[in-house]
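Enquirer: could you look at this predicted model? Sequence included:
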Amino acid sequence: MTERITLRKPDDWHLHVRDGAMLRAALPFTARNFGRAIIMPNLLPPVASTRDAIAYRDRIHAALPEGSRFQPLMTCYLTDATDPDDLEAGFRDGVFTAVKLYPANATTNSAAGVTDYRAIRPVMARMEKLGIPLLMHGEEVDPEIDVFDREAVWIERRLIPWTRDFPGLKFVLEHISSKIAVDYIRSAAPQVGATITPYHLTHNRTDWLGWGNRPYLYCMPVIKTEADRRALVEAATSGDPWFFLGTDSAPHPVAKKLSTTGAAGVFNAPVAIEQYTKVFEAAGALDKLEGFTSLNGPRHYGLAPNAETLTLERRAWTAPEEVAVEGPDERALIYRGGEQIEWRVVHD
Ligand code: DOR
Ligand code: ZN
């Protein structure tokens, strides 16, 4: 039995670190295990210009623990009014790594997202020319469409036509949640890659809803069937380079998670790399772990893998239940909090 694994330091290709007190509470969990992370821009108001992104990046740097070499990779929140010239300037200056598309009202803080898919075509053409990847929350939010089918309809209605219209544009379909998405990625790679979260690899919708509603498994896209989960595990552990790590770690204050309209998002950064390791071990695929966590993502983005390494060993520990957030009674609950975690990161 493998007792110790050393990987090139992983990167998180999809991460929410929020702002202010929540940023200070959440960021250290990512900074200690990951070299870089793609930072989601869905703040209120969103990070939608080069100026916003520079200021946000500064706040992230200020929230980093002393001596951390963690690198935030910034994204631009795409709106109907995104200015291609500002985007180009931000990309050329090394501020933006990618653009993030939220369909309006698809998820947390997406009200300013895209409503007019014709209006964004000039931006997409510019991105194609410059080599800026388009990251998508790939769900069609038409009220006619069942919530479990949103991802499949997005692929059909948006993504397939776009890969034809913009053959030089690189895409990432974020947090894929279905077998349909896995099959689609295989047909569209390497133009389209995909991130997969630890919880979509671990849970099915019966875990979420079958034994009482577990609000801490509520996320967008929603967790789907066991057949979908198995297809995701098969994809992640296959060694195919178009599938890579993106935690979608997304902390919310407890009151927002537990209100009558509970917020979508799972705060998993404190146990993410350990959970992926568990999934790969259960699939008999620990030899494929490093590709998924540390090599495939940089390759899709045209970046070098990290030079540093990270070591995990089989040594049980108990995950903290929550993290305190500055402010009156504020806290965020942690995915698998209070549970025994099988793998532990070795920090010297
Ligand atoms: O569950 C989610 N939470 N999905 C998203 O796409 C956004 C995220 C958040 O920001 O909380
Ligand atoms: Zn997300």
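Expert: On my side now, so go ahead. Nothing here was measured: the structure is a model prediction, and the numbers come from that model. Residues are numbered from 1 along each chain as shown. Ligands and ions are numbered 1, 2, ... in the order given.

Enquirer: please count neighbours and contacts with C-alpha atoms only from this point.
Expert: OK.

Enquirer: so who does whichever residue of the stretch 51-200 of the chain sits closest to ligand 1 touch?
Expert: Using Cα to the nearest ligand atom, the closest approach of the stretch 51-200 of the chain to ligand 1 is made by residue 108 at 4.7 Å. By Cα atoms under 8 Å, 6 or more residues apart in numbering, residue 108 lies in contact with 42, 263-264.

Enquirer: doesn't residue 229 make contact with residue 204?
Expert: Yes - between residue 204 and residue 229 there is a contact at 6.3 Å, judged by Cα atoms under 8 Å.

Enquirer: which of the contacts of residue 108 come close to ligand 1?
Expert: residue 264 (Cα under 6 Å from any ligand atom).

Enquirer: most neighbours among the contacts of residue 108, please name it.
Expert: Using other Cα atoms under 10 Å as the neighbour criterion, residue 42 leads the contacts of residue 108 with 25 neighbours.

Enquirer: mind listing what residue 7 touches?
Expert: So residue 7 contacts 290, 294, 309-311 (Cα under 8 Å, 6+ apart).

Enquirer: let's see 10 Å
Expert: 289-291, 293-295, 306, 308-312 (Cα atoms under 10 Å, 6 or more residues apart in numbering).

Enquirer: spit out the residues that contact residue 204 and residue 229 alike.
Expert: With Cα under 10 Å, 6+ apart as the test, residue 204 and residue 229 both reach 177, 223.

Enquirer: wait, a helix at residue 244?
Expert: No - Residue 244 is assigned strand when assessed by DSSP: H, G, I helix; E, B strand; the rest coil, not a helix.

Enquirer: contacting residues for it?
Expert: Per Cα under 10 Å, 6+ apart, neighbours of residue 244: 11-13, 172, 174-175, 193-197, 235-237, 289-300.

Enquirer: what about 6 Å?
Expert: By Cα atoms under 6 Å, 6 or more residues apart in numbering, the contact set of residue 244 is 195, 292, 296-297.

Enquirer: so which of the residues you listed are in strands?
Expert: If you go by DSSP state E, those have residue 195 in strands.

Enquirer: hmm, back to that, quickly name whichever of the contacts of residue 108 is closest to ligand 1.
Expert: For the contacts of residue 108, the nearest to ligand 1 is residue 264 (4.0 Å; Cα to the nearest ligand atom).
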